[in-house]
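Asker: Model the structure of this input:
(2 chains)
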Amino acid sequence: MKPVKRKPVRPVKKPVKHDTRQTRTAGGNFVDKLHAYRDHHAHALFSSLGRLVATPFTSIMTIAVLAISMALASGFYIMVINVQQLTANLESSNQISLFLHDEVANDSAAQLANNIRQNPNVQSVKIISKEQALAEFKTYSGFGAAIDVLDNNPLPIVLQVLPKNSLQDKQELERLFKTVEEFKEVDYAQVDMQWVERLQSIVEVARCGTALFSFMIGIGVLFIIGNTIRLELHNRRDEVMISKLVGATNSFIRRPFLYTGFWIGFISGISAWFINAILMLILRQPVEKLSGLYEGDLHLVFLSFTETVELLAIASFLGIFSSWAVLIVQLRHTRPE
Amino acid sequence: MLKFDNVSKRYPETGDVLNNVSFHLQQGEIAFLTGHSGAGKTTLLKLIAVMERCTRGEIFLDGDCLSHVKERHLPYLRRKMGFIYQDYKLLTDRTVFDNVALPLAIAGFGHLEIKRRVRASLDKVGLSGKEKKFPQALSGGEQQRVGIARAVVNKPPLIIADEPTGNLDPELSAEIMLLFEQFQQVGVTVLIASHDISLISRMNHRVLKLDHGQLVL
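Answerer: Coordinates of the predicted model:
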């Protein structure tokens, strides 16, 4: 005698026949179940960490590879943000230099400077007299002795015009440039912008390159963690089989492995942070020395708090995601025998 | 409780292993599944555990169809059965307590309830005080009893035992059979695969005999 319709197999819904036979759901109310669920998660969280600690050699090998990869990516990022802040400082030096005709006297130069200051687009005008220019040239060019040989000063008076919001509005800058260039005292006018623009596009290329590089590293990290989890799953095959036979759902079986992936990613992220911090400490002195030589005030920038949190979040996410992907595929092929 | 309805199982390599097997175990019944090796005992048990699906026919457990259950519903169904294996299938890196607690943790019990039930279950099989031991530190009979404690801790309505006394001496075997009879008395259905003819004949329970994939009465 065949039953007409198959009953769906679904937990909970059916009334339980005996108190002693309640097998589908845990006893207790919702709060108890919630607590049990939380306890179970806590247990999975710490037992997976315990497993990593129990096999220190393997764990350290895996985490070292991941940490160095992540440190490379974040190291490049740190390099880019440092160069970026350097060029950000340079923006203010986007000035127009006006080289005046040789016969223009200091008085008329000062008058011209006042004239230009009236322009609403000009922030400031600085006069570099012939004498100042010569003194500066002697100090910095290394040709001091050669200059002394000349009987008269060949350098012109220079007006340094600093425009307002120099880079933001190119057309405005162009117009200002045209205006100041027209003055009859001006022999030659030059915007110091081009090289800054070039430098900034180099930085842009570096930034883009770093993003691509980090992406590749991220993919690599996914594969490394995925493979680690696959091996772990293989080593704990018996446990998976037995759990399945006593009624474990796939999500129950996945849980400890997901936590393992999380720990691997998270610890690697922290290690990458420390690797970069050590590199920065080593680099700080030479960079400050370099900065001193250029009279600049260049300070190394490290990852901010938010960026650190982001690094750890990305690292943890990569760990969880790759484990999850591997488990989805592998558990489908794991059937109890 | 457990019903086989014209169940056949064919493997592509070996042909029919089970052929039109039909039987019905009532609630609270003990039955022995016996037959020469290769008669299909293991296959039949695998069909109950849904480790394999039958080729034809249908299997029902407590009204639920085992032969067509969806993969995602399977775990909840397996919680209604307690399996006992000849090789115990214990987790060697976990204590006796953790081994027995596994089905409860899976079912989502809180740790207090788990503790209580594991204690009761170990007490039942006579292993109280050995919670913290690891399986290797126990004798074969004790390991088998850990396996039994694990199978019954969740109070499933059906217990399936595959050669539970295969590795045990007659005295221990008798003890374990006594345990099964105790479970039967509280309404649990027990199916025991065994080829220990003397043991089976001593116990005077229903016998399902398989011969070349067919049930002979």
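
Asker: Dead centre of the chain: give me the residue that sits there.
Answerer: Went with chain A since none was named. A:Tyr77 (4.4 Å; C-alpha atoms, centre = their mean).

Asker: Actually, chain B is the one I wanted.
Answerer: B:Ile160 (1.9 Å).

Asker: does the helix or strand containing that one come close to chain A?
Answerer: Applying DSSP states H and E as the criterion places B:Ile160 in strand B:158-162. No - counting by C-beta under 8 Å from any C-beta of the partner chain, chain A is not contacted by strand B:158-162; separation bottoms out at 9.8 Å. From N, CA and C alone the C-beta is placed, and that goes for glycine too.

Asker: and the very next helix or strand once past that strand, how far from the chain's centre?
Answerer: Next helix or strand after strand B:158-162 toward the C-terminus (DSSP H and E): helix B:170-185. Computed by C-alpha atoms, centre = their mean, to the nearest Å, the chain-centroid distance of helix B:170-185 equals 14 Å.

Asker: Which strands or helices does helix B:170-185 pack on?
Answerer: Here helix B:170-185 touches strand B:30-34, helix B:140-152, strand B:158-162, strand B:189-193, helix B:197-203, going by 3 or more C-beta pairs under 8 Å, 6 or more residues apart in numbering or on different chains; DSSP states H and E.

Asker: possible to save the ones you listed as a markdown table with distance to B:Leu127?
Answerer: As requested, the helices and strands packed on helix B:170-185 are exported to a markdown table (distance: least, C-beta to C-beta, whole Å):
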| stretch | distance to B:Leu127 |
| --- | --- |
| strand B:30-34 | 22 |
| helix B:140-152 | 6 |
| strand B:158-162 | 17 |
| strand B:189-193 | 20 |
| helix B:197-203 | 22 |
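
Asker: average pLDDT for the helix or strand where A:Leu49 lies?
Answerer: Per DSSP H and E, A:Leu49 falls inside helix A:30-54. Helix A:30-54 shows a mean pLDDT of 87.

Asker: and it, how far from the chain's centre?
Answerer: 33 Å.

Asker: rewinding a little: who does the residue nearest to the centre of chain B bridge with?
Answerer: Beta-bridge partners of B:Ile160, counted by DSSP bridges, are B:Phe83, B:Leu191.

Asker: Tell me the spacing between it and B:Arg94.
Answerer: 22 Å (C-beta to C-beta, to the nearest Å).

Asker: helices or strands next to the strand holding B:Ile160 in the packing?
Answerer: Packing partners of strand B:158-162 (3+ C-beta pairs under 8 Å, 6+ apart): helix B:41-48, strand B:81-84, helix B:140-152, helix B:170-185, strand B:189-193.

Asker: Need the residues that contact the last one.
Answerer: For strand B:189-193, the external contacting residues (C-beta atoms under 8 Å, 6 or more residues apart in numbering or on different chains) are B:1-2, B:25-34, B:41-42, B:44-45, B:48, B:157-164, B:180, B:183-184.

Asker: and the nearest residue to A:Thr260 once chain neighbours are set aside, what is it in contact with?
Answerer: Counting by C-beta to C-beta, 6 or more residues apart in numbering or on different chains, A:Thr260 lies nearest to A:Ser48, which is 4.3 Å off, once chain neighbours are set aside. Contact analysis of A:Ser48 by C-beta under 8 Å, 6+ apart lists A:256-257, A:259-260, A:262-263.

Asker: Just name the closest of those residues to chain B, please.
Answerer: Chain B lies nearest to A:Pro256 out of the contacts of A:Ser48, by C-beta to the nearest C-beta, at 11.2 Å.

Asker: after the helix or strand harbouring that closest one comes which helix or strand?
Answerer: Assigned by DSSP H and E, A:Pro256 falls within helix A:250-293. Sequence order places helix A:305-333 as the next helix or strand after helix A:250-293, per DSSP H and E.

Asker: which parts of that following helix are buried?
Answerer: A:307-308, A:311-312, A:314-324, A:326-327, A:330-331 (16 or more other C-beta atoms under 10 Å in any protein chain shown).

Asker: centre of the chain versus that helix, how much separation?
Answerer: Put simply, helix A:305-333 sits 18 Å off its chain's centre (C-alpha atoms, centre = their mean).

Asker: Of all the helices and strands in chain A, which has the lowest average confidence?
Answerer: In chain A, the helix or strand scored least confidently by mean pLDDT, DSSP states H and E is helix A:144-149, which has a mean of 71.

Asker: Check which element follows it along the chain.
Answerer: For helix A:144-149, the following helix or strand on the C-terminal side (DSSP H and E) is strand A:158-163.

Asker: Could you list the alpha-carbon positions for the following helix or strand past that next one in CSV?
Answerer: Going down the chain from strand A:158-163, the next helix or strand is helix A:170-182, by DSSP H and E. This file holds the C-alpha atoms of helix A:170-182, laid out as CSV (Å, rounded to 0.1, in the frame of the first residue of the first chain):
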residue,chain,number,x,y,z
LYS,A,170,43.1,75.9,-15.0
GLN,A,171,41.4,78.4,-17.2
GLU,A,172,41.5,81.1,-14.5
LEU,A,173,45.2,80.4,-14.2
GLU,A,174,45.6,80.7,-17.9
ARG,A,175,43.9,84.0,-18.0
LEU,A,176,46.0,85.4,-15.1
PHE,A,177,49.1,84.2,-16.9
LYS,A,178,48.0,86.0,-20.1
THR,A,179,47.4,89.2,-18.1
VAL,A,180,50.7,89.4,-16.2
GLU,A,181,52.6,88.3,-19.3
GLU,A,182,51.3,91.4,-21.2
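
Asker: tell me the angle helix A:170-182 makes with strand A:158-163.
Answerer: Inter-element angle recorded for helix A:170-182 and strand A:158-163: 150 degrees (by axes from the mean of the first three to the mean of the last three C-alpha atoms, to 10 degrees).

Asker: mind listing what's buried in the helix or strand just after helix A:170-182?
Answerer: As assigned by DSSP H and E, the chain's next helix or strand after helix A:170-182 is strand A:186-191. For strand A:186-191, the neighbour count (16+ other C-beta under 10 Å) marks A:186, A:189, A:191 as buried.

Asker: Report the contact partners of B:Glu131.
Answerer: Residues in contact with B:Glu131, defined by C-beta under 8 Å, 6+ apart, are B:95-97, B:118-119, B:122.
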